[in-house]
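>>> When you get a sec, could you give me coordinates for this:
(2 chains, ligands or ions: 2)
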Amino acid sequence: MITGIAEYISTHTMQLLGQIATHTGISLFALLVAAVIGIPCGYLASRSEKAELIVSAPFEMLRVVPSLAFLILLIPVMGTGLAPTIVALTVLAVPPILLNTIVGFRTVPDFMIESAMGIGMTDKEILHKVRIPAAMPMILAGVRTALVEVFASTTLAAKIGAGGLGEIIFTGLGLNRTDLLVLGGVLTAVLSLAAGGVFDALSRRIMKYKYV
Amino acid sequence: MSVIIYDKVCKRFESSKGYAVDHVSAEIGEGEFITILGSSGCGKTTLLKLTNRLYDPDSGRIMVAGKDISSVDPVELRRSMGYVIQQVGLFPHMTIRDNITAIPALMKWDRKRIDDRADELLSLVGLEPSEFRDRYPHQLSGGQQQRVGLARALVLDPDIMLMDEPFGAIDAITRLNLQNELMRLHRELGKTILFVTHDINEAFKLGDRVMVMNEGRLLQFDEPHEIARHPADDFVSTLIESARSQEHFWTENEE
Ligand SMILES: Nc1ncnc2c1ncn2[C@@H]1O[C@H](COP(=O)(O)OP(=O)(O)OP(=O)(O)O)[C@@H](O)[C@H]1O
Ligand SMILES: [Mg+2]
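Ligands and ions are numbered 1, 2, ... in the order given. Below you'll find the predicted structure:
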């Protein structure tokens, strides 16, 4: 099987690299969309219980639908290809980002806000200089959780023709070739780990103060 | 001339039954070092927060530099006073320099002026600038953090300083040093200081005049020796007695 995998890699190198690139691109784009939705919504939701209910209820409901089922359900509405894939992955990625953002903003210590007000910051300055940086570790942890889920789930994109490492897995399933299943699985796992590693390095630079 | 005037100031919180601050009236002169003394929950912090509009009074009014503060923009008012909060409250994600100069940075001072000011203040509070400016708060001891809190409050060179138990969690020796430094700063900079403490010795040592509070009321406001000689009521007498009885231990055990 090892030789089978090695041979497949050597004969399909360019195709594999393309699939890795597509996989990464789809995942990161969905993650970006989820962050752009989840972080501002989380901030708004953190400000009152009622807002939280309104914002998180739809995502909580969508969350219980398995991603594959959700993807298939989207086909009649959005057809196949990239768009429904991004939507399905975004729906998957928003909840951890949203929830962590809410908790992050809620747990900024009162005395920090008070000292910011006391030295004469405006509300807007407090948001930018104190609340957001203080909530950042939780927010980034949420994005990190979403990242792992998204990179794994992007394999499903191949099911509706959007490409990525899932193609290898679905080809393996179709041809009944275990070596391709293993290759696709391992590559996806390695890619997730690598993306997580890069993300951690970036986080560490953003939150330099935690590591000195 | 009085820089701060409290005129029958009252504040009560919805969750509690009594007043947190109960009809407090007082006048504070320019350059005075005022200490506010009282046991936990007597309204010391509330009185300070009323002074820089972190709270607004339910009734009564407060004048600062001749203006009723209810008509002054809170942000402007707070920038005109230094405030050292009870919990120190440095921002963990900012370096010591950025903590001290957060407001000047927002006011768009140029880089050089900001850096110089930070170094100047660090030296003033007895911290070596080159050693401390680039550190983060968690890399400092509690006492060093409180010094930075003081430096931050001084950054815009305010005429009035509000200090809420700034030497709370500090050992006796460091505390003595900080007290002496603060008295030196007061002499040199001539600021009006409101200094909250629940330590009677600290209050009487530092204060030109002492406000004694209990259950939201201002019981006595006078010079330390006047309070010691003529306590206004039973509560103040008991307070003085308790300090004297502690003193006894040391005089009795002298060599
Ligand atoms: N934000 C608040 N909401 C409700 N009650 C409050 C609030 N802040 C203070 N209180 C109450 O008001 C009273 C005075 O509180 P304050 O913080 O002024 O006391 P303090 O003299 O500073 O005490 P300490 O020495 O413990 O700091 C207390 O009974 C307290 O429980
Ligand atoms: Mg207090």
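
>>> Closest approach to ligand 1 from the stretch 51-200 of chain B, which residue is it?
residue B:198 (5.1 Å; C-beta to the nearest ligand atom). All C-beta atoms are positioned from the backbone trio N, CA, C, and that covers glycine.

>>> Burial check on the residue in chain A positioned nearest to chain B, number of neighbours?
Relative to chain B, the nearest point of chain A is residue A:115 (3.0 Å; C-beta to the nearest C-beta). Counted with other C-beta atoms under 10 Å in any protein chain shown, residues neighbouring residue A:115 total 26.

>>> before we move on, what about the one 10 residues further on?
Residue neighbour count, defined by other C-beta under 10 Å, stands at 18 for residue A:125.

>>> Just the pLDDT for the residue of the stretch 51-200 of chain B closest to ligand 1.
Per-residue pLDDT puts residue B:198 at 89.

>>> same deal with the one 10 residues further on?
pLDDT recorded at residue B:208 is 96.

>>> what does residue B:247 give?
Residue B:247 is given a pLDDT of 77.

>>> Roughly how far does it sit from chain A?
35 Å (C-beta to the nearest C-beta, to the nearest Å).

>>> so what's that residue up against?
Under the criterion of C-beta atoms under 8 Å, 6 or more residues apart in numbering or on different chains, residue B:247 has no neighbours.

>>> and stretch B:59-71, which residues are buried?
By neighbour count on 16 or more other C-beta atoms under 10 Å in any protein chain shown, the buried set for stretch B:59-71 is B:60, B:62, B:63, B:64, B:65, B:69.

>>> show me the contacts for the first one.
Remark: with contacts taken as C-beta under 8 Å, 6+ apart, residue B:60 is in contact with B:6, B:7, B:8, B:9, B:10, B:23, B:24, B:25.

>>> So which of those residues belong to strands?
Among the contacts of residue B:60, the members falling in strands (DSSP state E) are B:6, B:7, B:8, B:9, B:10, B:23, B:24, B:25.

>>> Is the first one in contact with residue B:22, as I believe?
Read that as residue B:6. No: with contact defined as C-beta atoms under 8 Å, residue B:6 does not reach residue B:22; the gap is 11.6 Å.

>>> Correct me if wrong: residue A:210 contacts residue A:140.
No: counting by C-beta under 8 Å, residue A:210 stays clear of residue A:140, with 10.7 Å between them.

>>> quick one, which of these two is more surrounded?
Each of residue A:210 and residue A:140 has its neighbours counted (other C-beta under 10 Å); residue A:140 has more, 21 against 14.

>>> Return the distance of that one relative to residue A:134.
From residue A:140 across to residue A:134, the span is 12 Å (C-beta to C-beta, to the nearest Å).

>>> same check, this time on residue A:45
Taken as C-beta to C-beta, the span from residue A:45 to residue A:134 is 17 Å.

>>> Who has more neighbours out of these two?
Between residue A:45 and residue A:134, counting by other C-beta under 10 Å, residue A:45 is the more crowded of the two (23 against 20).

>>> which residues touch that one?
By C-beta under 8 Å, 6+ apart, the neighbours of residue A:45 are A:51, A:52, A:54, A:55, A:56, A:98, A:101, A:102.

>>> Counting neighbours, which of those comes out on top?
That'd be residue A:98 among the contacts of residue A:45, by other C-beta under 10 Å, with 28 neighbours.

>>> That residue should be in a helix, yeah?
Yes: applying DSSP: H, G, I helix; E, B strand; the rest coil, one finds residue A:98 inside a helix.

>>> Please tell me I have it right and it contacts residue A:38.
Yes: shown here, residue A:98 and residue A:38 form a contact pair, counting by C-beta under 8 Å, at 4.3 Å.

>>> between those two, what contacts are shared?
Counting by C-beta under 8 Å, 6+ apart, the residues touching both residue A:98 and residue A:38 are residue A:142.

>>> Tell me the confidence at the residue of chain A found nearest ligand 1?
Residue of chain A nearest ligand 1, by C-beta to the nearest ligand atom: residue A:110 (8.9 Å). Reading off the confidence values, residue A:110 has pLDDT 92.

>>> ok so, going back, quick one: which of residue B:6 and residue B:22 has more around it?
Neighbours per residue, other C-beta under 10 Å: of residue B:6 and residue B:22, the larger number sits with residue B:6, 24 against 19.

>>> where along chain A do the helices fall?
Along chain A, counting by DSSP state H, helices occupy A:2-11, A:13-46, A:49-63, A:67-78, A:82-106, A:110-118, A:123-126, A:132-153, A:166-175, A:178-206.

>>> Out of these, flag the one nearest residue B:180.
Closest approach to residue B:180 among these (C-beta to C-beta): helix A:110-118, 25.3 Å.

>>> quick one: the least confident helix or strand in chain A by mean pLDDT to helix A:49-63, angle?
Each helix and strand of chain A was given a mean pLDDT (mean pLDDT, DSSP states H and E); the minimum falls on helix A:67-78 at a mean of 82. Orientation of helix A:67-78 against helix A:49-63 (axes from the mean of the first three to the mean of the last three C-alpha atoms, to 10 degrees) gives an angle of 90 degrees.

>>> who does helix A:67-78 touch, helix- and strand-wise?
Packing partners of helix A:67-78 (3 or more C-beta pairs under 8 Å, 6 or more residues apart in numbering or on different chains; DSSP states H and E): helix A:82-106.

>>> Find the closest residue to chain A in the stretch 1-150 of chain B.
Closest point on the stretch 1-150 of chain B to chain A, by C-beta to the nearest C-beta, is residue B:89, at 3.0 Å.

>>> follow-up on the earlier one: let's have the contacts of residue B:60 in a markdown table, adding pLDDT and distance to residue A:172.
Converted to a markdown table, the contacts of residue B:60 look like this (pLDDT from 0 to 100; distance: C-beta to C-beta, whole Å):
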| residue | pLDDT | distance to residue A:172 |
| --- | --- | --- |
| B:6 | 97 | 80 |
| B:7 | 96 | 83 |
| B:8 | 96 | 83 |
| B:9 | 97 | 77 |
| B:10 | 96 | 77 |
| B:23 | 94 | 82 |
| B:24 | 96 | 79 |
| B:25 | 96 | 84 |
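
>>> Let me have the residues you listed in a markdown table, adding distance to residue A:159 as columns.
Compiled in a markdown table, the contacts of residue B:60 are given as follows (distance: C-beta to C-beta, whole Å):
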| residue | distance to residue A:159 |
| --- | --- |
| B:6 | 72 |
| B:7 | 75 |
| B:8 | 75 |
| B:9 | 70 |
| B:10 | 69 |
| B:23 | 74 |
| B:24 | 72 |
| B:25 | 77 |
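
>>> what residues does the stretch 101-250 of chain B put near chain A?
B:102, B:103, B:106, B:135, B:136, B:138, B:139, B:152, B:153, B:156 (C-beta under 8 Å from any C-beta of the partner chain).

>>> if you set the cut-off to 10 Å instead, what comes out?
Residues of the stretch 101-250 of chain B that fall close to chain A, judged by C-beta under 10 Å from any C-beta of the partner chain: B:102-103, B:105-107, B:134-139, B:149, B:152-153, B:155-156, B:158, B:162, B:164.

>>> ok now do the spatially closest residue to residue A:103 that is not a sequence neighbour, which residues does it touch?
Excluding its sequence neighbours, the residue lying closest to residue A:103 (C-beta to C-beta, 6 or more residues apart in numbering or on different chains) is residue A:138, at 5.5 Å. By C-beta atoms under 10 Å, 6 or more residues apart in numbering or on different chains, residue A:138 lies in contact with A:42, A:99, A:100, A:101, A:102, A:103, A:104, A:105, A:106, A:107, A:108.
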